[in-house]
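Engineer: 3D model of this:
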Amino acid sequence: MYEIVGAKGFIQNIDDFLEKTRIFSEENKIVVQVFDAEVIYGKNHLISALKHAKRAFEEKRNTTNTLEMETLLYASGERQLKLAIPKVGFKKGEANIVALFYVERKKVDLERVVEKFLKVFNLKKDNKVLEGDINTLKKFGITESEIKTVSKDRYGDLILEKVAMVDIIK
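Structural biologist: You can find the predicted model right below:
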């Protein structure tokens, strides 16, 4: 089971936020990964990244030690964390973020966990930050010539191709 939520907030300190997220994840027995919404093109982008990351672990092809980091790699379309983190990692200050929540057990009330997360981190839910556009594609590293190859309603496919390419390159 997964939930993907867009939010707005202020990130005072990235290291503190990451540590609090790790603790929150452990306490709630759930995977939580946070991304910069500026380079995420809709929920399908992260659903695809999560599926690829899970499959990499199942097939013992993972290159990181955690599902969170493997998902981050796939979401970024990169093979190395040193490239992936600056690309899709959230930034300090006023931030539009996307949080991915994942749990194997169906007994977890994901809606409650999401609300708790938003409250703990003083974030305001805003799924509009998930709506990608041409600027999202460019920030992700997709070129103008690549963008011209598809119609506007297929822009998200360009990102999904980059996510899938991580598997091919591995």
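
Engineer: helix or strand for Leu73, just tell me which one.
Structural biologist: helix 67-76 (DSSP states H and E).

Engineer: neighbouring contacts of that helix?
Structural biologist: Residues from elsewhere that reach helix 67-76, judged by Cβ atoms under 8 Å, 6 or more residues apart in numbering: 25, 31-33, 35, 39-40, 45-46, 48-50, 52-54, 56-57, 62-64, 79-81, 83-85, 87-89, 100, 102, 163, 166. In short, each C-beta sits where N, CA and C put it, glycine included.

Engineer: list the buried residues for it?
Structural biologist: 67-76 (16 or more other Cβ atoms under 10 Å).

Engineer: next SSE after it?
Structural biologist: helix 81-88.

Engineer: just checking, what packs against the next helix-or-strand element following that following helix?
Structural biologist: The helix or strand immediately downstream of helix 81-88 is strand 93-102, counting by DSSP H and E. Counting contacts by 3 or more Cβ pairs under 8 Å, 6 or more residues apart in numbering; DSSP states H and E, strand 93-102 is packed against strand 2-11, strand 31-36, helix 43-58, helix 110-120.

Engineer: which sections of the chain are below the confidence cut-off?
Structural biologist: Residue ranges of the chain with pLDDT under 70: 167-170.

Engineer: centre-most residue in it?
Structural biologist: Nearest to the mean C-alpha position of the chain, counting by Cα atoms, centre = their mean, stands Phe35 at 4.5 Å.

Engineer: for that residue, list the residues it contacts.
Structural biologist: With Cβ under 8 Å, 6+ apart, Phe35 has these contacts: 46, 72, 75, 88-90, 97-100.

Engineer: returning to that earlier point: okay, the helices and strands packed on strand 93-102, which one's buried deepest?
Structural biologist: Highest mean neighbour count of the helices and strands packed on strand 93-102: strand 31-36, a mean of 22 (counted as mean count of other Cβ atoms under 10 Å).

Engineer: what pairs with that one, parallel or antiparallel?
Structural biologist: strand 93-102 (antiparallel) (DSSP bridges).

Engineer: residues of the strand it pairs with that come out buried?
Structural biologist: 95-102.

Engineer: could I get that strand in PDB with only the CA atoms?
Structural biologist: Output of strand 93-102 as PDB, limited to C-alpha atoms (Å, rounded to 0.1, in the frame of the first residue of the first chain):
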ATOM      1  CA  GLY A  93      13.700  27.000   3.000                       C
ATOM      2  CA  GLU A  94      10.200  27.400   1.500                       C
ATOM      3  CA  ALA A  95       9.600  24.100  -0.200                       C
ATOM      4  CA  ASN A  96       7.100  22.300  -2.300                       C
ATOM      5  CA  ILE A  97       7.600  18.600  -1.500                       C
ATOM      6  CA  VAL A  98       6.100  15.300  -2.400                       C
ATOM      7  CA  ALA A  99       6.100  12.500   0.300                       C
ATOM      8  CA  LEU A 100       5.800   8.900  -0.700                       C
ATOM      9  CA  PHE A 101       4.500   6.600   2.100                       C
ATOM     10  CA  TYR A 102       4.800   2.800   1.600                       C
END
